[in-house]
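requesting a structural model of the entry that follows:
(one chain, ligands or ions: 1)
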Amino acid sequence: MSDAGELDALLQEDRRFRPPATFVDQANINDRDIYESAASDPEGYWSKWAAELDWFEPWQRVLKWSPPHAEWFIGGRINVSYNCLDRHVEAGRGDRTALIWEGEPGDARTFTYAELHREVSRFANVLRSLGIKKGDRVTIYLPMIPEAAIAMLACTRIGAIHSVVFGGFSPDSLADRNNDAESKLLITADGGWRRGSVVPLKANADAALEQSPTVQNVVVVARGGDLTEQTAVTMKMGRDHWYHDLVAEVSSSCPAVSMDSEDTLFILYTSGTTGKPKGVVHTTGGYLTQAYATTKAVFDLKDDDVYWCTADVGWITGHSYIVYGPLANCAQVVMYEGAPDTPDRGRFWQLCEKYGVTIFYTAPTAIRAFMRWGDEWPKKYDLSRLRVLGTVGEPINPEAWMWYHEVIGGERCPIVDTWWQTETGAIMITPLPGLTETKPGTATHPFPGIEAAIRDESGEDTTAGYLAITKPWPSMLRAVWGDEQRFRETYWSKWPNVYFPGDGAKVDEDGYLWILGRVDDVLNVAGHRIGTMEVESALVDHRAVVESAVVGKAHEIKGESIAAFVTLKEGIDGSDELLTELRTHVSAKIGAIAKPELVVFTAELPKTRSGKIMRRLLRDIAEGRAIGDTTTLADPEVVKRLQAMHEDEEG
Ligand code: 7RM
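Sure thing, here's the model as predicted:
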C-alpha cells in the first residue's frame with residue numbers, strides 16, 4: 001500500500017479529463033441514467049445484457065443468492081464457443097476477421113470467423129477422439145499462438161473445463177496445477193518465442209508429466225517457422241500426439257453442446273496467502289454475460305474497431321479480454337506472441353500502426369517501461385487510429401497515466417483504468433469512456449450493476465479502508481476448486497455476505513474510488529500476483545535454508561519487486577554463489593516471474609514478542625530506510641537491536 005504522504009498527494013489530484021464531445025456522441029453508452037436504472041433493478045439490467053447473447057433455452061430465474069453461493073440465469077442453456085463463433089457465422093459474418101496474430105519473429109496468421117469456427121470444431125473433435133468428455137479437465141500450456149484461443153474455445157464447445165497455465169511457469173508449478181485439477185489432457189507446444197529465445201514448453205511439460213499421474217494424453221502444437229526447425233522434442237509413444245496430425249484426421253463439424261448456465265467453464269489458478277495457488281472456478285452464462293457487456297461498454301467496441309489487449313492468455317485478462325469478451329462481440333482481435341522490446345522498443349507501436357489498432361489495453365508496468373524507453377519509439381509510428389486506451393493489473397501512478405494520455409493517446413483518447421481480479425472474472429470498477437470524467441490514477445466508479453463500498457474491519461462504511469463488493473455479480477467466482485473452506489475463508493469471512501477482494505481503497509470528496517493495492521500477503525510484481533508464501537516455500541525447500549520471509553520492495557517499473565530475507569542452516573556461509581543459487585532455485589521452482597531481486601542473509605528474522613515476522617521493518621530494510629548495509633543483518637546483535645527499536649510500531 002502507498003504511504004500516507006503519497007496517498008494525500010494522490011487525492012489532491014485536480015486534473016480532470018472529460019471525454020471529447022465527438023467521442024460522447026458516438027459512444028455505446030452515453031446516458032448517465034444507466035447507473036441509476038441498473039442500481040434500481042440489477043436483475044433486469046443484467047438480463048438485458050444476457051439477452052444480447054444466444055441462448056438455447058431461456059433462463060427461468062435471474063439470480064439465486066444463498067451466500068456465499070450465487071447462481072445466475074438459472075435454467076438457461078448456452079454455449080460459449082457457439083456465442084463466440086457460430087452465431088456470427090450464421091449471421092453472415094463468417095468472412096469478417098476474427099484473429100490477427102503476429103509472432104515475435106514477424107510471422108503472421110489471420111483467421112476469419114468462419115475459419116476460426118472450423119479450426120475450433122476440428123480441435124473439439126480431436127478432444128473427443130482422445131476421450132475428453134463434458135466436465136473433464138484439460139490443461140493448456142501454450143505460448144501466445146492462435147492455438148491457445150482455439151484450444152480454449154474447443155474445450156468450451158464440448159463442455160470440457162480448461163485450466164490455462166501461463167507458459168512462464170515452471171514444471172513444478174504446472175504439475176501442481178495438473179494434479180489439483182486432476183487434468184486428463186495437456187495441450188502444449190514445442191516452444192514459443194520470447195525476447196529472441198525459445199521457451200522450451202514441451203521439455204518443461206515432460207518434466208511436469210513425470211509428476212502428473214492423471215494426464216493420459218498430450219497434444220503438441222508445432223509452433224512453426226525456425227522454432228520448430230531448431231527445437232528437438234521427444235514424443236512419448238502412445239501419450240504424445242502432434243496437433244497437426246490429429247486435426248487432419250477429424251471432421252470440421254462439431255455442434256456446440258448445450259450447457260447449463262451454471263456448468264463450470266474454466267478453472268484458473270491464482271496466488272493467495274498460502275503456498276498453494278487457488279483454482280478459481282468460473283461458470284458459463286453469468287461469466288460470458290459480464291465479459292461480453294464490459295468489453296462492449298468499457299472499450300466502446302464497434303464493428304470497425306481493431307482491438308488489442310497485450311495480456312497473456314495464461315492470465316484472467318487474456319481469458320476475458322482477448323478471447324471470450326471480444327469474440328462474443330464479433331470483434332477483430334490482435335494477438336501478439338512476444339516481448340515489447342523485440343526486435344526493438346518500438347515493437348508495440350509498430351504493430352499498432354501496421355494493423356490500425358483503435359483500442360489498446362495494457363498494464364501500468366508496461367506503460368512505465370515505455371516511458372523509460374523514451375518518446376522517440378512511439379513517435380516513430382502513426383498511432384492516430386487509437387481511440388480508447390485501457391490499463392489493468394495494478395494501480396497506475398498519475399505520471400504514467402499522463403504519459404499514456406499524451407504520448408500514446410495524443411490527448412484525444414479516453415483512458416479506462418479497470419479494476420478487477422481473477423476472482424471477479426470481468427471488469428468491476430472502471431470509467432465509461434463516453435461518460436466518465438477521469439482523473440489520473442483512479443479507477444473511478446463501479447460498472448453499472450456493480451455495488452462496491454469501502455469498509456473497515458468491522459464492516460462499517462468508511463472513506464479509507466478495505467474495498468468490498470456488496471452485491472453478487474454475474475461473473476463472480478463460484479468456488480475454489482475442491483476447497484469450499486478456502487473459498488469461504490478467503491473471500492467471505494471478513495464480513496457477512498460481502499465479498500472481500502483483498503485490496504485497500506479510498507474514496508475522495510467527489511466519490512471517486514482509489515484502489516491502493518493488496519492488503520494481504522500477495523505481491524503484485526509487474527501486474528502478476530505472487531504470494532509471499534509461495535516464494536517462502538520455494539526458498540525453504542532449498543537445502544541451505546532454515547527460514548525465510550518475503551516482502552515487496554517498491555520498483556520503478558514493476559511496481560513491486562521481490563525481496564527475500566533468508567536464515568541459513570548452521571555452518572553454511574552466505575556466499576555470493578549461494579545468493580545466485582537461491583534466486584535460480586525460486587525461478588526453477590515457480591517460474592521466472594517469482595525470482596527475488598534481492599536476497600538478504602540474516603542471522604535471525606526480526607520478530608515481534610508474539611512471534612510475528614516484522615514485515616514492515618523488512619520492507620524498510622529492503623528499501624534502504626532502516627539500515628545502510630544489509631550484510632550487517634548477518635550479525636545477530638544487529639537484528640536484536642533493530643527488533644527492539646521497531647517492536648512498538650509493529651505491535
Ligand atoms: C485483472 C487482474 C488482481 C489484483 C487486484 C488489485 C490489482 C488490478 C487494478 C488493480 C489498481 C487497477 N487480475 N489490480 N487492476 N489495482 N487498479 N486498475 O489483474 O487476479 O491477476 O490481480 O490486481 O490488487 O486485487 S489478478
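
right, and D226 touches P105 too?
Yes - between D226 and P105 there is a contact at 6.9 Å, judged by Cβ atoms under 8 Å. Glycine gets a C-beta too; all of them are placed from N, C-alpha and C.

compare the two (neighbour count), which wins?
It is P105, of D226 and P105, that has more neighbours when counted by other Cβ atoms under 10 Å, with 15 against 12.

mind checking the SS state of C330?
coil (DSSP: H, G, I helix; E, B strand; the rest coil).

what's the nearest residue in the stretch 51-200 of the chain when you look at the ligand?
F166 (10.6 Å; Cβ to the nearest ligand atom).

ok, how many other residues are close to that residue?
The number of residues near F166, taken as other Cβ under 10 Å, comes to 20.

phi first, then psi, for the spatially closest residue to L477 that is not a sequence neighbour.
With Cβ to Cβ, 6 or more residues apart in numbering as the criterion, L477 has its nearest non-adjacent residue at 4.4 Å, and that residue is E423. The phi and psi torsions at E423 (degrees, to the nearest 10) take the values phi -70, psi -30.

pretty sure E423 sits against T270.
Yes - look at E423 against T270 with Cβ under 8 Å: they come within range, at 7.3 Å.

one step back: which SS class is the closest residue to the residue of the stretch 51-200 of the chain closest to the ligand other than its chain neighbours?
Leaving aside its sequence neighbours, F166 sits nearest to G314 (Cβ to Cβ, 6+ apart; 2.8 Å). Following three-state DSSP, the label given to G314 is coil.

returning to that earlier point: just the pLDDT for the residue nearest to L477.
On the pLDDT scale, E423 is placed at 98.

for the ligand, see how far away it is.
Distance of E423 to the ligand, computed by Cβ to the nearest ligand atom, to the nearest Å: 7 Å.

try M428
M428 sits 9 Å away from the ligand, going by Cβ to the nearest ligand atom.

from A70, how far out is the nearest residue to that residue once chain neighbours are set aside?
Distances taken as Cβ to Cβ, 6+ apart place W420 nearest to M428, at 4.6 Å, with adjacent residues excluded. Distance, W420 to A70, using Cβ to Cβ, to the nearest Å: 17 Å.

ok, these two, which is more surrounded?
Between W420 and A70, W420 has the larger neighbour count (other Cβ under 10 Å), namely 25 against 20.

burial count for R18?
12.

which residues are in contact with it?
Residues near R18 by Cβ atoms under 8 Å, 6 or more residues apart in numbering: E437.

what about A203, which SS state?
What three-state DSSP gives for A203 is helix.

check the gap between it and S183 for me.
A203 is 19 Å from S183, by Cβ to Cβ.

of those two, which one has the most company?
Per other Cβ under 10 Å, whichever of A203 and S183 has more neighbours is S183, with 25 against 18.

okay, now the unreliable bits of the stretch 451-600 of the chain?
Applying pLDDT under 70 to the stretch 451-600 of the chain picks out no residues at all.

tally of neighbours for G338?
There are 20 residues near G338, going by other Cβ under 10 Å.

that one contacts D344, correct?
No - G338 lies out of contact with D344 (Cβ under 8 Å); the separation is 11.8 Å.

any idea of the mean pLDDT in the longest helix seen in the chain?
For the chain, the longest helix by residue count, based on DSSP state H, is helix 113-129. With pLDDT averaged residue by residue, helix 113-129 scores 98.

and the following helix or strand past that helix, how far from the chain's centre?
Counting by DSSP states H and E, the next helix or strand C-terminal to helix 113-129 is strand 137-141. Relative to its chain's centre, strand 137-141 lies at 17 Å (Cα atoms, centre = their mean, to the nearest Å).

quick one: mean pLDDT for strand 137-141?
98.

identify the residues contacting stretch 336-348?
101-105, 143-145, 192-196, 308, 310, 351, 362, 366, 369-370, 373-374, 377-378, 380-381.

next: stretch 552-565.
For stretch 552-565, contacts defined as Cβ under 8 Å, 6+ apart pick out 364-365, 368-369, 372, 394-395, 523-527, 530, 532, 535-536, 539, 548-551, 582, 586, 594-600, 602, 605, 618-619, 621-623, 633.

the residue of the stretch 51-200 of the chain closest to the ligand falls within a helix, correct?
No - checked against three-state DSSP, F166 lies outside a helix; its state is coil.

that one reaches W315, doesn't it?
Yes - counting by Cβ under 8 Å, W315 is a contact partner of F166 at 6.5 Å.

tell me the residues on the stretch 451-600 of the chain that lie near the ligand, please.
501-503, 515, 517-518, 524, 529 (Cβ under 6 Å from any ligand atom).

just checking, the residue nearest to F166 touches S163?
No - between G314 and S163 there is no contact under Cβ under 8 Å: 10.4 Å.

just want the residue of the stretch 151-300 of the chain that's nearest the ligand.
When Cβ to the nearest ligand atom is the measure, the stretch 151-300 of the chain has its nearest residue to the ligand at T270, with 5.3 Å between them.

and the closest residue to A622 other than its chain neighbours, which of the three is it?
Spatial nearest neighbour of A622, chain neighbours left out: A563 (3.7 Å); criterion: Cβ to Cβ, 6+ apart. At A563, secondary structure determined by three-state DSSP is strand.

rewinding a little: which neighbours do E423 and T270 have in common?
Residues touching both E423 and T270 by Cβ under 8 Å, 6+ apart: V280.

quick one: which of the two has more around it?
A side-by-side neighbour count of E423 and T270, using other Cβ under 10 Å, places E423 first with 25 against 18.

report the contact partners of that one.
270, 280, 476-477, 491, 501.

can you lay out these as CSV showing secondary structure?
Putting these into CSV (three-state DSSP) gives the following:
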residue, secondary structure
T270, strand
V280, strand
M476, coil
L477, coil
Y491, helix
P501, coil
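
return the closest of these with respect to G571.
For the contacts of E423, the closest approach to G571 (Cβ to Cβ) belongs to T270, at 38.9 Å.

which SS class is the closest residue to K202 other than its chain neighbours?
Residue nearest to K202 in three dimensions, not counting chain neighbours: V233, with 4.4 Å by Cβ to Cβ, 6+ apart. Secondary structure, three-state DSSP: V233 is coil.
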